[in-house]
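In: Attaching a predicted model along with its sequence, questions to come.
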Amino acid sequence: DRLRAAIKPQAGSSPASPVGAVAVPAALLGGLFAATLVGAAAYRRSAKQLARALPPAPKPAPPQASTASAAGGLPPSAMGTPPKAGEVLTKGELMYLFVVPGICAAGLAATLGGICKFALDVDNVDDTVRQVRWLLGSGARPARVGSTERQQPPASE
């Protein structure tokens with residue numbers, strides 16, 4: 001019931017912009033999308049700077065009878081292979097490239113999980129599955145939906 005109420009527009013807000021529990025995950029995902037676009041633009045700018053700084057790639061020579069001697073003793077399969085990440089980036093850059101986005105994704109997943117836990121009023125995975133099945137119309141109404149067992153007792157005077 002709380003999730004259904006959270007999805008509906010609040011009193012005093014326009015129907016085009018409902019404010020509720022749905023707005024927070026939407027804002028988080030929008031921020032993540034914007035950060036991805038900023039990161040892609042920064043990567044493109046850095047790649048262009050690197051392309052200007054590096055000398056142009058040598059033009060491939062026409063095939064010869066002995067390619068191993070022309071390549072300095074390397075086998076033909078090693079010619080033209082891209083460099084490995086460790087040859088181009090430092091260990092710190094590799095860590096930053098993979099670990100930082102992983103930490104951000106884990107934080108976002110934990111935040112969205114906490115919001116869903118609060119909105120669904122569940123404690124474990126079984127309660128979550130029952131609530132979602134009920135919300136999708138494929139299960140019976142869970143016993144805890146709409147119950148008052150979690151509400152605080154009224155303050156005594």
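Out: Structure received. The structure presented is a predicted model; accordingly, all values stated were derived computationally and were not measured.
In: what about Cys52, how many residues close to it?
Out: Not quite, residue 52 is Arg, not Cys. Other residues within reach of Arg52, judged by other CB atoms under 10 Å, total 7. (Each C-beta comes from the backbone N, C-alpha and C, glycine too.)
In: Which pLDDT value does the model give it?
Out: Each residue has a pLDDT score; the one for Arg52 is 85.
In: For it, give its distance to Ala143.
Out: The gap separating Arg52 from Ala143 is 66 Å, by CB to CB, to the nearest Å.
In: next one: Gly113
Out: If you measure Gly113 against Ala143 using CB to CB, the figure is 23 Å.
In: next one: Leu97
Out: Separation of Leu97 from Ala143 (CB to CB): 48 Å.
In: Also Leu89?
Out: Taken as CB to CB, the span from Leu89 to Ala143 is 55 Å.
In: same thing with Arg45?
Out: For Arg45, the distance to Ala143 - CB to CB - is 56 Å.
In: Glu93 too?
Out: Glu93 sits 53 Å away from Ala143, going by CB to CB.
In: And for Gln131, the neighbour number?
Out: Gln131: 21 neighbours (other CB under 10 Å).
In: Name the nearest residue to it, ignoring sequence neighbours.
Out: Leu120 (4.6 Å; CB to CB, 6 or more residues apart in numbering).
In: Relative to Ala143, how far out is the one you found?
Out: 14 Å.
In: Would you mind identifying the next helix or strand past the host helix or strand of Gly113?
Out: Element membership of Gly113, judged by DSSP states H and E, is helix 91-120. Downstream of helix 91-120, the next assigned helix or strand under DSSP H and E is helix 125-136.
In: Now that following helix: buried residues?
Out: Going by neighbour count (16 or more other CB atoms under 10 Å), the buried part of helix 125-136 is 127, 130-131.
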